[in-house]
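**Student:** Curious how this folds, go ahead:
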Amino acid sequence: MKKIIVGLSAALILIGLPVSAEKVTLTMLETSDIHGAISPYDYATDSVTDNGLAKVATVVKSERLKDPDLLLFDAGDCLQDNLIQEFRFEKKNPMINAMNTLKYDANVLGNHEFNFEFKTLLKEIKQFKAPVLAANIYKKDSKRFVEGWTVAEVKGVRVGIIGITAPHVPVWEASAPEHYNNMTFTSPIEEVGTALSEIEGKADIIVVVAHYGLNGEFGEHGMGDVAEKYGDRIPVFFIGHAHDVVNQTASSGALIVEPGAKGAYVAKVTVELDNESGSWKVTSKKGELLAVKGAGIEPDAEIEKLNKSTHEKSLKIAGKVVGKIKDNFLPSLWWNGLEGIPTAAVQDTAMMDLINKVQMDNATLGGKKADVSMAALFESYSNLEKGEFHKRDGVKIYKFDNTLFAVRVTGRQLKAIMEKQAGRFFNTFRDGDVTISFNENMRLYLYDMFAGVDYEIDISKPEGSRIQNVMFKGKPLNDDESLILALNNYRFGNLKSEGMFGENPEYRDTSLAVRDMISDYVAKHSPLAPECDNNWKITGYEFAPEAEQVYALVHDGKLKVPASANGRTPNVKALNINDLRAQGLLK
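**Tutor:** Okay, here's the model as predicted:
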């Protein structure tokens, strides 16, 4: 039997409740970053998947058979992606409806919950049956936006749950502060301490559910640091946001778990407590990652039935024919046929040129069109393929709900931005390398390619000096040249917060969705043919003669292009003949 008690005054009611047992085992499950995946289907690629909330539900219900009193938490980012945002104006949000069916005990706000209208978020918060938590979000009156913590009574044990949201929403939504109503987001490491002081004495065990990763961003402490600081008083940290798969113990003794994204895993923590002299003490804890993807899990019939109408509507929306494509916009998905090295990341392509052309055509400032543009490859499989162009194809090549901005920059500022967004993406070339590899700490969606200027990226040089021979209208770009730069709202917010545009930049929010502009462009110019101006290239390398032998090993399946441990950054280390010889893989 369990009871949820929300807030400070209500939690006081629990003090002095009698303890009915001397030993108790608590089960806690976590999901995070579901990103609109209810049914096991990806509407952008028009393909069945092996994850999603319907399959998660099967795992949760199986675990409930073992422990009917288990606690279920979600660490945020459930209301954006996979077309779920198309249904945010419906009376019942399909994702929240499905999550309510699973009887969550706490939901934490993620940063993507703030991508849309604030009034929509307020409506969605009311729809959740479980407490919605975020201790580090404050309104203008210095009161929390939602509850910071809650207490659940389970088997006679008071479980305190502190919720934390990624603190950088004002950075990511800098172009639309109305999305977060200009609220203040405080530091997780500070706010956990504040919430802890409020909740201690009102709970027998305290856990944190945070939409924030193990490592921090923008100089902020990550949840790994928070766990180190408070691990003596908080034994378990459920985290999210980074889409990582984590099951580890901090040196403080705190257990940290993260279940990946889109329902690939369910994080499970089992805690055993003993009642010593009238108070509960944790005697052991165990973290597990229950596999959903690849585990042969069938989707739950109840969730599938509940989501049937939304699934059918999503298929219809995604399948709408917008126009026609004359030929593939990528010469190949993988560079040189080497799976794991996206072609569009190592050479200019018609696909990236299309995105930048659309942005330059639509971004205006002072009545003038943009001179230059920057855009990123969000997914390695992004491509425009010969044949019909459907609405889902716009999502496939531009997955985020970004809007378009125009900002005035100098030549000096543009070159600094290019160093930051392009130069840092590549690893320095080593003697013996036969591939060009990517910086493991910089994800693909943070790497921008530029149009309107010609340039080279010299990977023989150190970071900060790789952007070479920048030309504008056939001449070297002068540092004092005034330019209008087209970019999306997310990138504008990041760069503005870091001072890359100076103190008071001149800019304009077009409020136009980049994805919709791409679809409109295809429709207007249908059938659309690929065009590539090859305005940039990578230099500073010379592959060894044995390169083809190495490529053959990859093609034959005897060698793989290495990716980051979490799989989010491909091609993180160059294939190198000297390394392969040392490993005995190359004679």
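**Student:** Mind listing what's buried along stretch 501-518?
**Tutor:** 501, 505, 507, 510, 512-518 (16 or more other Cβ atoms under 10 Å). The way it works is simple: take the backbone N, C-alpha and C, and place the C-beta from them, glycine included.
**Student:** What of stretch 319-327?
**Tutor:** Of the residues in stretch 319-327, 322-323, 325 count as buried by neighbour count, 16+ other Cβ under 10 Å.
**Student:** Likewise for stretch 430-445?
**Tutor:** Under the neighbour-count criterion of 16+ other Cβ under 10 Å, stretch 430-445 has 432-440, 442-445 buried.
**Student:** who's in contact with Gly319?
**Tutor:** 46, 390-392 (Cβ atoms under 8 Å, 6 or more residues apart in numbering).
**Student:** Okay, it and Glu288: tell me how far apart.
**Tutor:** Going from Gly319 to Glu288 by Cβ to Cβ, to the nearest Å gives 39 Å.
**Student:** now swap in Lys558 and tell me
**Tutor:** 34 Å.
**Student:** Could you report the neighbour count for the residue lying closest to His243 once chain neighbours are set aside?
**Tutor:** Once flanking residues are discounted, His243 sits nearest to Ala261: 4.0 Å by Cβ to Cβ, 6 or more residues apart in numbering. Counted with other Cβ atoms under 10 Å, the neighbours of Ala261 add up to 24.
**Student:** Need the buried residues of stretch 430-445 in TSV (columns: secondary structure, distance to Val132 and pLDDT).
**Tutor:** What follows is the buried residues of stretch 430-445, written out as TSV (DSSP: H, G, I helix; E, B strand; the rest coil; distance: Cβ to Cβ, whole Å; pLDDT from 0 to 100):
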residue	secondary structure	distance to Val132	pLDDT
Gly432	coil	54	96
Asp433	strand	49	97
Val434	coil	51	97
Thr435	coil	46	98
Ile436	coil	45	98
Ser437	coil	42	97
Phe438	strand	37	97
Asn439	coil	36	96
Glu440	coil	35	93
Met442	coil	33	89
Arg443	coil	28	88
Leu444	helix	32	90
Tyr445	helix	28	90
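**Student:** Pick out whichever of the residues you listed sits closest to Asp141.
**Tutor:** Distance to Asp141 across these (Cβ to Cβ) is lowest for Tyr445, with 36.1 Å.
**Student:** what's the closest one in contact with, if anything?
**Tutor:** 376-378, 400.
**Student:** just Leu377 next, same as before
**Tutor:** By Cβ under 8 Å, 6+ apart, the residues touching Leu377 are 342, 344-345, 352, 444-445, 447, 449.
**Student:** So which of the residues you listed belong to strands?
**Tutor:** Met449 (DSSP state E).
**Student:** Tell me the one of the contacts of Leu377 nearest Asn93?
**Tutor:** Tyr445 (25.6 Å).
**Student:** separation between that closest one and Arg144?
**Tutor:** In terms of Cβ to Cβ, Tyr445 sits 31 Å off from Arg144.
**Student:** can you check Asp353 too?
**Tutor:** Look at Asp353 and Arg144: by Cβ to Cβ, they are 47 Å apart.
**Student:** likewise Met351?
**Tutor:** 44 Å.
**Student:** Neighbours of Glu553, how many?
**Tutor:** Careful, residue 553 is Leu; it's not Glu. 15.
**Student:** for the host helix or strand of it, what is the average pLDDT?
**Tutor:** For Leu553, the element it lies in under DSSP states H and E is helix 547-555. Average pLDDT, helix 547-555: 96.
**Student:** on contacts alone, who are the packing partners of the next helix-or-strand element following it?
**Tutor:** Per DSSP H and E, the first helix or strand lying C-terminal to helix 547-555 is helix 577-582. Judged by 3 or more Cβ pairs under 8 Å, 6 or more residues apart in numbering; DSSP states H and E, helix 577-582 is in contact with helix 547-555.
**Student:** Now do the helix it packs on: which elements does it pack against?
**Tutor:** Secondary-structure packing of helix 547-555 (3+ Cβ pairs under 8 Å, 6+ apart): helix 577-582.
**Student:** now the strands for the stretch 151-300 of the chain?
**Tutor:** Secondary structure of the stretch 151-300 of the chain (DSSP state E, counting those that start in this stretch): strands located at 157-165, 184-185, 205-211, 236-239, 245-249, 255-259, 265-276, 279-291.
**Student:** that older thread, and of the buried residues of stretch 501-518, the nearest to Val24?
**Tutor:** Arg515 (50.0 Å).
**Student:** in what helix or strand does the closest one lie?
**Tutor:** Per DSSP H and E, Arg515 falls inside helix 514-524.
**Student:** Quick check: buried residues in the helix or strand just after that helix?
**Tutor:** The helix or strand immediately downstream of helix 514-524 is strand 536-539, counting by DSSP H and E. Neighbour-count burial for strand 536-539 flags 536, 538 (criterion: 16+ other Cβ under 10 Å).
**Student:** Show me which helix or strand of the chain is least confident by mean pLDDT.
**Tutor:** helix 8-11 (a mean of 42; mean pLDDT, DSSP states H and E).
**Student:** buried set for the following helix or strand past that helix?
**Tutor:** Of the helices and strands lying after helix 8-11 in sequence (DSSP H and E), the nearest is strand 23-31. Going by neighbour count (16+ other Cβ under 10 Å), the buried part of strand 23-31 is 24, 26-31.
**Student:** Redo these as CSV? Include distance to Val522 and pLDDT.
**Tutor:** CSV is the format used below for those (distance: Cβ to Cβ, whole Å; pLDDT from 0 to 100):
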residue, distance to Val522, pLDDT
Val24, 60, 97
Leu26, 53, 98
Thr27, 50, 98
Met28, 47, 98
Leu29, 43, 98
Glu30, 40, 98
Thr31, 36, 98
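**Student:** Let me know the outermost residue of the chain.
**Tutor:** Largest separation from the mean C-alpha position in the chain: Ser277, at 45.4 Å (Cα atoms, centre = their mean).
**Student:** circling back: closest to Arg568 out of the buried residues of stretch 430-445?
**Tutor:** For the buried residues of stretch 430-445, the minimum distance to Arg568 (Cβ to Cβ) is 5.6 Å, reached by Arg443.
**Student:** Surely that closest one and Pro570 touch.
**Tutor:** No - counting by Cβ atoms under 8 Å, Arg443 stays clear of Pro570, with 9.8 Å between them.
**Student:** Please enumerate the strands of the stretch 1-150 of the chain.
**Tutor:** Using DSSP E, counting those that start in this stretch, strands in the stretch 1-150 of the chain cover 2-6, 23-31, 41-42, 47-48, 71-74, 106-108, 132-133, 137-138, 149-154.
**Student:** Let me know the angle separating the last one from strand 23-31.
**Tutor:** Translated: strand 149-154. Put simply, strand 149-154 runs at 130 degrees to strand 23-31, going by axes from the mean of the first three to the mean of the last three Cα atoms, to 10 degrees.
**Student:** Extract the CA atoms of strand 149-154 and return them as CSV.
**Tutor:** C-alpha atoms of strand 149-154 as CSV (Å, rounded to 0.1, in the frame of the first residue of the first chain):
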residue,chain,number,x,y,z
TRP,A,149,9.5,17.5,-3.8
THR,A,150,6.9,15.0,-2.6
VAL,A,151,6.7,12.2,-0.1
ALA,A,152,5.3,8.8,-0.9
GLU,A,153,4.4,6.4,2.0
VAL,A,154,5.3,2.8,0.9
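**Student:** State the separation between it and the centre of the chain it belongs to.
**Tutor:** 29 Å (Cα atoms, centre = their mean, to the nearest Å).
**Student:** so for that strand, what's the average pLDDT?
**Tutor:** The average pLDDT within strand 149-154 is 98.
**Student:** What pairs with that strand, parallel or antiparallel?
**Tutor:** Applying DSSP bridges, strand 149-154 is found paired with strand 2-6 (antiparallel), strand 157-165 (antiparallel).
**Student:** what's the answer for the fourth one, then?
**Tutor:** Each strand that strand 47-48 pairs with, and the sense of that pairing, follows from DSSP bridges: strand 41-42 (antiparallel).
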